[in-house]
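Asker: return atomic coordinates for the entry below.
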Amino acid sequence: MNCRRSVLTFALVTFALLIAGCGKDSGTTGSGQASNSSKSPPAGATHTDTATGHGGKVIELGTTTIGPFSVRASRDEGEIKVGGDAPIDVWLTGGDITKVTAVRFWIGTARGDDFVKAKADIEIPSKPNHWHTHAEVPTPIPAGNKLWVEIEIGGQKHTGSFDLKA
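Answerer: Next comes the predicted model:
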């Protein structure tokens with residue numbers, strides 16, 4: 001009975017955290033067209049979310065091409081801790097953002113089936129090219145560990161990776 005109650009409590013807390021979101025802006029969605037701005041916070045800038053209490057200096061992870069997009073990634077500064085999570089932001093530019101059906105992140109190796117994929121949300125509705133979520137850090141952390149980004153467009157999945165600079 002205690003195990004069942006613990007599982008239910010865990011599920012409810014997880015659900016509540018997912019609903020609460022992270023850093024949502026109450027602005028309007030605008031025209032639905034993506035800005036071609038690829039600006040992300042500069043290295044050393046701070047990212048603060050008073051709703052969840054996370055934030056701090058930003059570590060730029062770089063830019064790569066994933067599918068039709070140029071993808072820029074960053075994470076909040078701090079140790080990548082086994083069993084913890086890492087706040088991740090990505091910016092998509094150069095493609096038609098309206099065709100994106102999902103953006104997912106995971107920390108691990110290329111074989112994403114072995115790791116928890118976190119579905120990202122648009123961080124600020126008026127800037128639909130900026131995606132954010134917290135990626136779970138696996139236990140144990142595997143050799144070759146990276147941040148993986150998967151962009152789904154009409155059922156096709158495009159994947160790329162970034163060094164976490166841990």
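Asker: neighbours around the residue lying closest to residue 130 once chain neighbours are set aside, how many?
Answerer: Setting aside the residues directly before and after it, residue 130 is nearest to residue 123 in space (Cβ to Cβ, 6 or more residues apart in numbering), at 4.5 Å. C-beta coordinates here come from the backbone N, C-alpha and C atoms, glycine included. Each residue near residue 123 was counted by other Cβ atoms under 10 Å, and the total is 22.
Asker: which stretches in the protein count as helices?
Answerer: 2-20 (DSSP state H).
Asker: low-confidence ranges in it?
Answerer: For the chain, the stretches flagged by pLDDT under 70 are 1-55.
Asker: against which helices or strands is the longest strand along the chain packed?
Answerer: What stands out as the longest strand in the chain, according to DSSP state E, is strand 55-66. Where contact means 3 or more Cβ pairs under 8 Å, 6 or more residues apart in numbering; DSSP states H and E, strand 55-66 is packed against strand 46-48, strand 69-76, strand 146-153, strand 156-162.
Asker: buried residues in it?
Answerer: Across strand 55-66, burial judged by 16 or more other Cβ atoms under 10 Å covers 55, 58-61, 63, 66.
Asker: go on, stretch 146-161?
Answerer: 146-153, 158, 160-161.
Asker: for it, measure first residue to last.
Answerer: 6 Å (Cα to Cα, to the nearest Å).
Asker: pretty sure the residue nearest to residue 130 contacts residue 131?
Answerer: Yes - using Cβ atoms under 8 Å, residue 123 is in contact with residue 131, at 6.5 Å.
Asker: mind listing the shared neighbours of those two?
Answerer: Contact with both residue 123 and residue 131 is made by residues residue 89, according to Cβ atoms under 8 Å, 6 or more residues apart in numbering.
Asker: endpoint to endpoint, stretch 132-151 covers what distance?
Answerer: Start-to-end, stretch 132-151 (Cα to Cα) is 13 Å.
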